[in-house]
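**Q** What follows is a predicted structure for the sequence shown.
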Amino acid sequence: MKISKRFANVGDSSTLKITSLAKSMKSKNIDVAILAAGEPDFDTPDKIKEEAIKAIKEGFTGYTAVRGINELLDLICEKFKRENGLEYKPENIMVSTGAKQSIYNVLQALCDEDSEIILLAPYWVSYIEMVKMTGALPVVVDTSVDNFRINVERIKEKINKKTRMIIINSPNNLTGVVYTEKELRELADLIVEHNIYCISDEIYEKIIYSPNKHYSIAALNNNIKDLTFTVNGLSKTYAMTGWRIGYLGGERKLVEKALMVQTHSTSCTSSISQKAAVAALKLDERIVNSMIDEFKKRREFLMKKVENIEGLNYVQPQGAFYLFVDFRNFIGKKFKDSEEICTRLLEDYKVAVIPGGAFGAEGFVRISYAASMSEIEKGIDRIEKFLKENV
Ligand SMILES: Cc1ncc(COP(=O)(O)O)c(C=O)c1O
């Protein structure tokens, strides 16, 4: 087998791997509690589905403009202005096949083979693999020593002439941490001082628990705005993972380069999904808020459950829908690493959770609470049983 050098050390997505294994076990009638997925268990709201059906019936089924349809671009500009304090015109926007594709397009367009891209660990697994796919070098800053928060001094140490970009994600998948305005201001100053780019992945923006507040780094001043791609999408907020709609806002000429990648790879995202996205961005806020209220209840429930299990600690999630649980008390004695814990949990106790090792946080396990309350209860009870029987 001959594969490209660039691709040789690109790894799988452990999240997707464990989730699909668990789903296939479920399809064989094995009773697995799936607390692995990064997708809401809610159905896409009816209003959104109806708009897609209408688009199909009306024959809105061809390619669209590479950037996206005008109606959607306008709504995204309004959203950025209203909710993020960001003034963009349609020529600053790109709609793509999920937020993932937006990030991929930017990395492909902006990275050279010897570029260095700073990632804050724990990071979403696709960042590191997407960076590797460009041939650039991921440079990892461990945030576990700073309670998973931004430490500008530690990031500064990693910046050199080859540094092209930093990727940040708040609210954060995996830790649930939400960066404060002060943290983002300090980081913005550093980015501007060194003239590097920033991808700010804000896909979990709306899934946030009071009193925490979401800030877009690009809105802090015009200098940082020109260096930043603000990425967002509909997958998490509107329960639309399968529709594949993501978007970004950024400096016009840079966005044009990212659009080139799209032109020659996907052409555009689905015309039907774009019509559905128009309905999503006009949706009554109360529908989204009711989903978020449900996440709040599950978060409380799961935190209480984990608190009662001896030896486990966790990071209190300020946003997103994951509980990042510290299993380090059990590692090195009974188990080699978080991968072994998650494999044993899935194979012997039928609960699917994600090992932190794959995300640059060995010793931790990510439990998703984007699952029904009964699924969460079943899963956490099994984790408790696993620890009782094995340590
Ligand atoms: C941090 C983060 N960014 C981006 C994405 C991708 O979202 P999309 O479905 O819009 O591609 C995910 C999905 O899990 C995510 O967790």
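**A** Looks like it came in fine. Residues are numbered from 1 along each chain as shown.
**Q** give me the element residue 54 is part of.
**A** With elements delineated by DSSP states H and E, residue 54 resides in helix 46-57, which encompasses its position.
**Q** chain center to that helix, what's the gap?
**A** Counting by Cα atoms, centre = their mean, to the nearest Å, helix 46-57 is centred 26 Å from the centre of its parent chain.
**Q** helices and strands around the following helix or strand past that helix, which ones?
**A** For helix 46-57, the succeeding helix or strand toward the C-terminus, using DSSP H and E, is helix 70-84. When contacts are defined as 3 or more Cβ pairs under 8 Å, 6 or more residues apart in numbering; DSSP states H and E, helix 70-84 packs onto strand 93-96, strand 246-249, helix 271-281. C-beta here means a position set from N, CA and C on the backbone, and glycine is covered the same way.
**Q** closest to the ligand out of the ones you listed?
**A** strand 246-249 (4.0 Å; Cβ to the nearest ligand atom).
**Q** buried set for stretch 169-189?
**A** Buried residues in stretch 169-189, defined by neighbour count with 16 or more other Cβ atoms under 10 Å: 169-180, 183-188.
**Q** Kindly reformat the helices and strands packed on helix 70-84 as a markdown table containing mean neighbour count and distance to residue 67.
**A** A markdown table is the format used below for the helices and strands packed on helix 70-84 (neighbours: other Cβ atoms under 10 Å; distance: least, Cβ to Cβ, whole Å):
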| stretch | mean neighbour count | distance to residue 67 |
| --- | --- | --- |
| strand 93-96 | 28 | 6 |
| strand 246-249 | 28 | 10 |
| helix 271-281 | 22 | 11 |
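**Q** Looking at those, which is nearest to residue 103?
**A** strand 246-249 (8.1 Å; Cβ to Cβ).
**Q** neighbouring strands for the closest one, and are they parallel or not?
**A** Each strand paired with strand 246-249, and its direction, by DSSP bridges: strand 93-96 (antiparallel), strand 228-233 (antiparallel).
**Q** any chance of these in TSV, with distance to the ligand too?
**A** Listed next are those as TSV, based on distance: least, Cβ to the nearest ligand atom, whole Å:
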stretch	distance to the ligand
strand 93-96	8
strand 228-233	3
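**Q** For residue 312, find the nearest of the ones you listed.
**A** Nearest of these (Cβ to Cβ): strand 228-233, 31.8 Å.
**Q** Could you give the residue of the chain that lies closest to the ligand?
**A** residue 98 (2.5 Å).
**Q** From residue 298, how far off is that residue?
**A** According to Cβ to Cβ, to the nearest Å, residue 98 and residue 298 sit 24 Å apart.
**Q** what's the answer for residue 327, then?
**A** Residue 327 is 21 Å from residue 298, by Cβ to Cβ.
**Q** can you check residue 187 too?
**A** From residue 187 to residue 298 the distance is 31 Å (Cβ to Cβ).
**Q** what's the distance between the nearest residue to residue 282 once chain neighbours are set aside and residue 290?
**A** The shortest distance from residue 282 to any non-neighbouring residue, by Cβ to Cβ, 6 or more residues apart in numbering, is to residue 75 (7.1 Å). Separation of residue 75 from residue 290 (Cβ to Cβ) stands at 22 Å.
**Q** from what I can see residue 137 touches residue 118, true?
**A** No. Residue 137 is not in contact with residue 118 according to Cβ atoms under 8 Å; the separation is 10.1 Å.
**Q** These two: which has the busier surroundings?
**A** Neighbours per residue, other Cβ atoms under 10 Å: of residue 137 and residue 118, the larger number sits with residue 118, 22 against 16.
**Q** Can you tell me which residues in the stretch 1-150 of the chain are near the ligand?
**A** The stretch 1-150 of the chain has residues 38, 98, 99, 100, 124 near the ligand, with proximity defined as Cβ under 6 Å from any ligand atom.
**Q** Need the worst-confidence member of the residues you listed.
**A** For these, the weakest pLDDT value sits at residue 38, with 86.
**Q** circling back to that earlier point, among the residues of the stretch 1-150 of the chain next to the ligand, list the two that are farthest apart in space.
**A** Maximum distance among those (Cβ to Cβ): 12.6 Å, for 98 and 124.
**Q** what about the residue nearest to residue 282, neighbour count?
**A** Residue 75: 19 neighbours (other Cβ under 10 Å).
**Q** check contacts around the most centrally placed residue in the chain.
**A** Nearest to the geometric centre of the chain sits residue 173, at 5.4 Å (Cα atoms, centre = their mean). If you count contacts by Cβ atoms under 8 Å, 6 or more residues apart in numbering, residue 173 has them with 38, 124, 203, 204, 320, 322.
**Q** Just the residues you listed: which are in strands?
**A** residue 322 (DSSP state E).
**Q** Among the contacts of residue 173, which one has the most neighbours?
**A** Of those, with other Cβ under 10 Å as the count, residue 320 tops at 30 neighbours.
**Q** wait, that residue sits on residue 169?
**A** No. In this structure, residue 320 is not within contact of residue 169 by Cβ under 8 Å, at 9.1 Å.
**Q** Give me the contact list for stretch 347-358.
**A** With Cβ under 8 Å, 6+ apart as the criterion, stretch 347-358 contacts 11, 14-15, 18-19, 21-22, 25, 30-36, 122, 125, 174, 324, 337-339, 341-342, 345-346, 362-368, 378-379, 382-383, 385-386.
**Q** And that stretch, what's buried?
**A** Buried, per 16+ other Cβ under 10 Å, within stretch 347-358: 349, 350, 351, 352, 353, 354, 355, 356, 357, 358.
**Q** Out of those, list just those in strands.
**A** 351, 352, 354, 355.
**Q** Quick check: bridge partners of the second one?
**A** In this case it means residue 352. residue 34.
**Q** rewinding a little: so which of the contacts of residue 173 would you say is closest to residue 275?
**A** Nearest member of the contacts of residue 173 to residue 275, counting by Cβ to Cβ, is residue 203, at 21.0 Å.
**Q** Check the closest one and give its pLDDT.
**A** 98.
**Q** show me the contacts for it.
**A** 99, 169, 173, 231, 232, 233, 235, 236, 246.
**Q** ok, now which ones touch the fourth one?
**A** To tie it back to what came earlier, the one meant is residue 231. Counted by Cβ under 8 Å, 6+ apart, residue 231 has contacts 99, 102, 103, 106, 199, 200, 201, 202, 203, 246, 247, 248.
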